[in-house]
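Novice: Turn this into a structure:
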Amino acid sequence: MIRVLLADDHGLIREGLSRLLGSVADIEVVAAAGDGHEAVRLAGEHRPDVILMDLRMPGIDGSEATRRVLKNDPTPQVVILTSFSEREEVLSALDAGAIGYLLKDAEPDELIRGIRAAAQGDSPLAPRAARTLIGSRSSAPSHQLSDREREVLRLVTRGLSNKLIARDLGISEKTVKAHLTAIFQRIGVTDRVQAAMWARDHDIA
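Specialist: I've put the predicted structure just below:
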């Protein structure tokens, strides 16, 4: 059973998600928070497997709540569930330790698959969020990476594991994995070897 905590400041959304997920045999909603502070508190009380975290909430936002949750307990897998797919917000959430980023207009099946993927340690990323990270081909090269993405990629080329990359950069392994997922999608590769070769070809190594 996948134990899920919901964090969203809109009651109707919390109720709708609770009904949807309550109908899924292998998912149990253990608690629902109305703001970031409550999300941090309930995460400590219920120790969920997956947290669906809204991005914009009163008090502290989803990125900061994610950071605090994972500082207290690194085991939950945090998936941002929001209406916003701006590049800086996506990157902020991933840097905070979120393992995935889904949008509220996702189909129910996509959301359920995302929860299951996160519970297994994978990084569900909404196609629109992925396109935001990739950027418009007409306005910028598809291989344009953030400074943090370049740091991660540089360490990949040195053969470091996710654990060692996380230690070197002072971030969680889940954050490293989320960055790698975004990097692979942005540069059009499917594994670390291809990413390392791409990095060397583009003078990032």
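
Novice: Pretty sure residue 58 sits against residue 33.
Specialist: No: between residue 58 and residue 33 there is no contact under CB atoms under 8 Å: 11.4 Å. Quick note: C-beta positions are derived from backbone N, CA and C, even for glycine.

Novice: Those two: which is more packed in?
Specialist: Neighbour count, other CB atoms under 10 Å: between residue 58 and residue 33, residue 33 has more, with 23 against 10.

Novice: Identify the residue nearest residue 180 in space, chain neighbours excluded?
Specialist: Leaving aside its sequence neighbours, residue 180 sits nearest to residue 152 (CB to CB, 6 or more residues apart in numbering; 6.6 Å).

Novice: and the one you found, backbone torsions?
Specialist: Per-residue torsions, residue 152: phi -60, psi -50 (degrees, to the nearest 10).

Novice: what about it, neighbour count?
Specialist: 27.

Novice: Pull the contacting residues for it.
Specialist: Listed by CB atoms under 8 Å, 6 or more residues apart in numbering, the contact partners of residue 152 are 165, 169, 176, 179-180, 183.

Novice: Can you tell me which of those residues has the most neighbours?
Specialist: residue 179 leads those on contacts (other CB under 10 Å) with 26 neighbours.

Novice: which other helices and strands contact the helix or strand containing that one?
Specialist: Here residue 179 sits within helix 173-187, counting by DSSP states H and E. Counting contacts by 3 or more CB pairs under 8 Å, 6 or more residues apart in numbering; DSSP states H and E, helix 173-187 packs against helix 87-96, helix 127-134, helix 147-157, helix 162-169, helix 192-201.

Novice: just how off-centre is the last one within its chain?
Specialist: On the basis of CA atoms, centre = their mean, to the nearest Å, the separation between the geometric centre of helix 192-201 and that of its chain is 23 Å.

Novice: Noted, bye for now.
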